[in-house]
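[1] generate coordinates for the sequence data below:
(one chain, ligands or ions: 1)
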Amino acid sequence: MNTFRPTRRTVLHAGAAGALAAALPGCSSTAVSVATPDLMPKGRQRRVVILGGGWGGLTAAHHLRKAAPDLEVVLLERNPVFWSCPLSNKWLVDVVDTQFLVHSYTSAARRFGYTYVQTEVIDIDRAKRRVITAHGGVDYDWLIVSAGIRVTYAPWFGNDRAAITHTVNNYSSAYVPSTEHQALKQKIKSFQGGTIVMTLPPPPHRCPPSPYERACLMAAHFQRSKVKAKIVILDPKPRPAPITAGYRAAFEELYSDVIQYVPNAGIKEVDPFNKVAKTAAGDFRFDDAIFMGHHQAADLVWKLGGIGKTADGKPTNWADVHPELYQLRDDPQIYVIGDSMGAVSPQFGHYPKAGHVANRQGRSVAQYIAQQAKGQAPTPIIIDNLCYMLVSLDPLEAIAVQFDYKKAPEGHLHQTQFDDNDRRRKLWDEDLNWYRLAVQDMVGA
Ligand SMILES: Cc1cc2nc3c(=O)[nH]c(=O)nc-3n(C[C@H](O)[C@H](O)[C@H](O)COP(=O)(O)OP(=O)(O)OC[C@H]3O[C@@H](n4cnc5c(N)ncnc54)[C@H](O)[C@@H]3O)c2cc1C
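    Have a look, this model is predicted:
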C-alpha cells in the first residue's frame, strides 16, 4: 500500500509552506519553490503527479497503477471527497441520492495503491519539475493536469467585486464540484413561484447539453409540486444543441407551461441587484436566476503557462495540447486532459467537455506514460463520447448523444455526431449503467 501518511516533520513543513503561500499570493513559482520544503520527498521510483481528482485525474491514477506498476502515483486534490457533476442534475430533484454522487478519495487510493493528498495546488515550477502545494513541494517526472474549468464573470462585470460576489452568492450555477450544488438544491426546493432566468455561457463550455437537462428536470419538479414557475433559458446559440430535436420536443410537449426557450440571447449586461438581464434578444426581469459565467481552462493551466494563443496573440482561454496525446506542445512530460483542453480539430474544435471524454483521456495518458517509462514513443489512442440526458420525471425518460472520432485522410481528427432524440426509459437505464461503470473505473466502488 502506498497511501501517504504525514509525519510530524511533514506536518510542520506543511504549516510553514501554507503560511508562506498565504503570505505571498500570486508570487512567482520560483520564489515559492525555493523556500518551500518537501511535502513528500522523492525516493528512487519515478513519480507521476496528478493535479485534480475529478473524472480525468481519478481515471488516470487507477489506470497508471495497472499500466505502470513501477511508477509512484500521487494525486493532489483540494476537496476531501469526490463529488460527481454527472448525475448531479438528477440529484437536484431527488432522482438519485447523495451517496450516488459522493465517493471517498482515501478508499480509492487504498484500493488501487496510490497516494492521495488533500491539498490546494498553488503553482507549478516547470524548470524544477516541482508542484507547489499549500502543504509543501512535490517533485515529479511526469505531470497530469486534470483540473477542470474555472468560471469567470469578468466578461459581464469586469472588476466589480460587489456584483461578482452578489452573483456567486445568490445565482451561482453549480458547474464545478463544490458547495454550490447544495445551495442550488435548496433554492429549487424552496422556490415559491415566479420567474427563474437561466443563462448559458458562449461555447465552448462544460457539458453542453446539461443546462437544458437541468431546465427540464426543474420544470418537471415544479409541475409535480404545483409551484407556478417560469424558467427562461437565455441561450447565446440559435438553437439548443446537441440533441436539438429531443430538447425542442421536451420543451414543447412536456413543459410549454413552464419553459420559455430564448435563442440568440447572448448577454449584454446583467444587473444582479435590480434583477435584470439584458440580452441580444431583449431584456428579462427575474425573481431568481442561475447564471453561468464564462468557462475557461482551470487556473492551474494558466499557472503552467499552457494556454494557447490566437493568431493575433490573445489567449484562447484553453490549454494548447497535442490532439491525441494531450501533451503540452513544448513539454512531452506534461499532459493536460479533460475539460481544460483547447481546440483539437479544424472540423469540430474542442472535444465535448464531458466526463466520458475525461475518463477516456485518463485511460489513454496512463498508457502513454507507461510507454514513455519504457523508453517507447506513445501510440495515439482514438477516444469516443457518449452522453445521456434525463428530460422527464413521470415517467423517467432520457435522450442521448454519441460522438465518434477518426483520423481524416488530411491528418486531423474528424467527429461524427449521432443525436438520439426519441425520449424513452431505456436510455435512462443505460445512463445509470454508464455511470456505475464509470464510478467503478474511477474509484473502484
Ligand atoms: C450539471 C452537470 C452535468 C454533467 N453531466 C455529464 C454527463 O451526464 N456525462 C458526462 O460525460 N459529463 C457530464 N458533465 C461534465 C463533467 O462533469 C466534466 O466534463 C468532467 O468532470 C471533466 O473532468 P475533469 O477531470 O476535466 O474535471 P473535474 O471532474 O471537474 O475535476 C477537476 C478536479 O480538480 C480539482 N482542482 C482544481 N484546481 C485545483 C487546485 N488548484 N488544487 C487542488 N485541486 C484542484 C477540483 O477540485 C476537481 O476535483 C456534467 C457537468 C455538469 C456541471
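
[2] point me to the residue sitting closest to the centre of the chain.
    residue 148 (3.9 Å; C-alpha atoms, centre = their mean).

[3] name the residues of the stretch 301-445 of the chain found near the ligand, please.
    Residues of the stretch 301-445 of the chain lying near the ligand by C-beta under 6 Å from any ligand atom: 338, 339, 353, 354, 355, 356, 358, 387. C-beta: built from backbone N, CA, C; applies to glycine.

[4] and the residue nearest to the centre of the chain, backbone torsions?
    Dihedral pair for residue 148: phi 70, psi -140, per degrees, to the nearest 10.

[5] and what of the one 5 residues further on?
    Note on residue 153: backbone dihedrals following degrees, to the nearest 10 are phi -100, psi 10.

[6] with residue 222 instead?
    The phi/psi pair for residue 222 (degrees, to the nearest 10) is phi -70, psi -40.

[7] tell me where the stretch 51-200 of the chain has strands.
    Along the stretch 51-200 of the chain, the stretches classed as strands by DSSP state E, counting those that start in this stretch are 72-77, 81-83, 102-104, 115-118, 121-125, 130-133, 136-139, 142-145, 149-152, 194-199.

[8] pick the most deeply packed of these.
    Neighbour counts (mean count of other C-beta atoms under 10 Å) averaged over each of the strands of the stretch 51-200 of the chain peak at strand 142-145, with a mean of 28.

[9] returning to what we had before: the residue nearest to the centre of the chain and residue 341 touch, don't they?
    No: Residue 148 sits out of contact with residue 341 when judged by C-beta atoms under 8 Å, with a separation of 10.9 Å.

[10] which pLDDT does the model give residue 178?
    Residue 178 carries a pLDDT value of 81.

[11] I should have written residue 22 there, sorry.
    Model confidence at residue 22, given as pLDDT, is 39.

[12] now residue 267
    Confidence at residue 267, expressed as pLDDT, is 97.

[13] so how many other residues sit close to it?
    21 (other C-beta atoms under 10 Å).

[14] doesn't residue 276 make contact with it?
    No: the pair residue 267 / residue 276 is not scored as a contact, 11.3 Å apart, by C-beta under 8 Å.

[15] which helix or which strand is home to residue 371?
    Assigned by DSSP states H and E, residue 371 belongs to helix 355-373.

[16] picking that back up, check the gap between the residue nearest to the centre of the chain and residue 85 for me.
    Applying C-beta to C-beta, to the nearest Å, the value for residue 148 to residue 85 is 9 Å.

[17] can you pull the contacts of residue 210?
    89, 389 (C-beta atoms under 8 Å, 6 or more residues apart in numbering).

[18] backbone dihedrals for it, please?
    According to degrees, to the nearest 10, residue 210 has phi -70, psi -30.

[19] give me the number of neighbouring residues for the residue of the stretch 201-350 of the chain found nearest the ligand.
    Minimum separation of the stretch 201-350 of the chain from the ligand (C-beta to the nearest ligand atom) falls at residue 338, amounting to 2.1 Å. Neighbour count of residue 338, defined by other C-beta under 10 Å: 32.
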